[in-house]
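**Student:** give the three-dimensional model of this entry:
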Amino acid sequence: MGVYEELQARGLIAQVTDEKEIRDLVNNGKAVFYIGFDPTADSLHVGHFMALCLMKRLQMAGNKPIALIGGGTGMIGDPSGRSDMRQMLTPETIQHNCDCFKKQMSRFIDFSDGKALMVNNADWLMNLNYIELLREVGACFSVNRMLTAECYKQRMEKGLSFLEFNYMIMQSYDFYELFQKYGCNMQFGGDDQWSNMLGGTELIRRKLGKDAYAMTITLLLNSEGKKMGKTQSGAVWLDENKTSPFDFYQYWRNVDDADVLKCIRMLTFLPLEEIEKMESWQGSELNKAKEILAYELTALVHGEEKATKAQEAARALFSGAANTDNMPTVALSADDFEDGQVQIIKIMLKAGLIKSNGEGRRLIQQGGVSVDDQKVTDPLSTVSAADFDKGHIILKKGKKVFYKVTVE
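**Tutor:** Predicted structure coming up:
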């Protein structure tokens, strides 16, 4: 089975421009391909995870990845999948985010000895002459056709800025530039990028008279059709300072039964034969599958040692064992106490378990909070310094979220 057939079997391929050519390129290690990452935060998140895994798979098959950091397009903002305009970032913030991305990507992609490239589109986009761009590139795009793109349709209802309208042209220009500079013959991306990617292949054809190819990968959706990688407290990040290895592990350990095998197939590097054996698993066996998923992905992002610690901590919690060494921790200071007491809602806010006092009150009233296995019933409940006689307390939200609370 070639790598293209494996991608198909794993359910990763959504749309392709020319299946025969793309199959030949990737199966024979002749693809020089790029995936773009706009630096809108200082960490990659689960939404980028599938793209990174795809780059790793294709590089293992002898193809050459180009990780394109959108230092230039990040100044505009992609309207795809957005109902509002993205926050404008400063050049300094964008550069900082780019630096963070490279460190995280190196866990997935081997950049040594020219096996992969990392480039920043600010190197060419920031120096473009506007009149020259209009004449040389703008003439290749039909406004009527652009407006039929799904990414623009969604924004037209609430107002599409001219700034955002240029995003497709910028992304297309990236492909055109990479084709000429590095022989980049393919672009991969999420299925919501299809229109932008077609713009790039068309620009190359019209300007250079040559063929380039595009392939989109399936978006990671749960059984309800919602994008995976979000929690009540926000995105699931790949940076352990933003989402701890334990929380990252727990996110995957807690996926719905209906989603676990799909995630194993699409995201892990386990052999397909091994995954096929899991398809008949039921009941408690699905919990085993979730542990496999959580461990494999945590090891990919954070390394095997941290994945093992996260797994041990999770198992200890669910078995009622006392090992809390690897549990997420929030430390209280003397300033948090008032007359020797601190409200449980205040601790939850500090731990990021809730966003407001109101949310905390509702959660407690619904029976969703406990301290040291004792359910909290009063929203005004407090703990005292004496409750920390063993060095910590265990705060539990719902059935699956635990925090160790200590006092500095």
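**Student:** any stretches of the chain with poor pLDDT?
**Tutor:** Counting by pLDDT under 70, the low-confidence segments of the chain come to 75-88, 143-144, 146-165, 230-234, 318-326, 399-400.
**Student:** domain ranges for it?
**Tutor:** 3-217, 230-319, 329-407 (automatic domain parsing).
**Student:** out of the ones you listed, which is closest to residue 224?
**Tutor:** domain 230-319 (8.4 Å; Cβ to Cβ). Backbone N, C-alpha and C define where each C-beta goes, glycine included.
**Student:** off-centre distance for that closest one?
**Tutor:** Computed by Cα atoms, centre = their mean, to the nearest Å, the chain-centroid distance of domain 230-319 equals 15 Å.
**Student:** ditto for stretch 336-350
**Tutor:** Distance, centroid of stretch 336-350 to centroid of chain: 33 Å (Cα atoms, centre = their mean).
**Student:** which residues outside that stretch are in contact with it?
**Tutor:** 330, 332, 354, 356-357, 360-361, 363-364, 369, 371, 376, 379-385, 395, 397, 405 (Cβ atoms under 8 Å, 6 or more residues apart in numbering).
**Student:** what do you get if the cut-off is 6 Å, keeping everything else the same?
**Tutor:** Residues outside stretch 336-350 that contact it (Cβ atoms under 6 Å, 6 or more residues apart in numbering): 330, 354, 357, 360, 376, 381, 382, 384, 385, 405.
**Student:** can you give me how far stretch 362-377 is from the chain middle?
**Tutor:** With Cα atoms, centre = their mean, you get 31 Å for stretch 362-377.
**Student:** pull out the buried positions in that stretch.
**Tutor:** 363, 364, 368, 369, 370, 371, 376 (16 or more other Cβ atoms under 10 Å).
**Student:** what's the end-to-end length of that stretch?
**Tutor:** End-to-end distance for stretch 362-377, by Cα to Cα, to the nearest Å: 11 Å.
**Student:** what's the answer for stretch 53-69, then?
**Tutor:** OK, stretch 53-69 end separation, Cα to Cα: 17 Å.
**Student:** count the neighbours of the closest residue to residue 12 other than its chain neighbours for me.
**Tutor:** Leaving aside its chain neighbours, residue 12 sits nearest to residue 217 (5.1 Å; criterion: Cβ to Cβ, 6 or more residues apart in numbering). For residue 217, the tally of surrounding residues (other Cβ atoms under 10 Å) stands at 23.
**Student:** surely residue 217 and residue 11 touch.
**Tutor:** No: the criterion here is Cβ atoms under 6 Å, and residue 217 misses it with residue 11 at 9.6 Å.
**Student:** so which bits of the longest helix along the chain are buried?
**Tutor:** Ranked by residue count, the top helix of the chain under DSSP state H comes out as helix 284-302. Residues 286, 289-302 are the ones in helix 284-302 that count as buried (16+ other Cβ under 10 Å).
**Student:** what residues does that helix touch?
**Tutor:** 238, 245, 248-249, 252-253, 257, 260, 263-264, 268, 278, 281, 307, 310-311.
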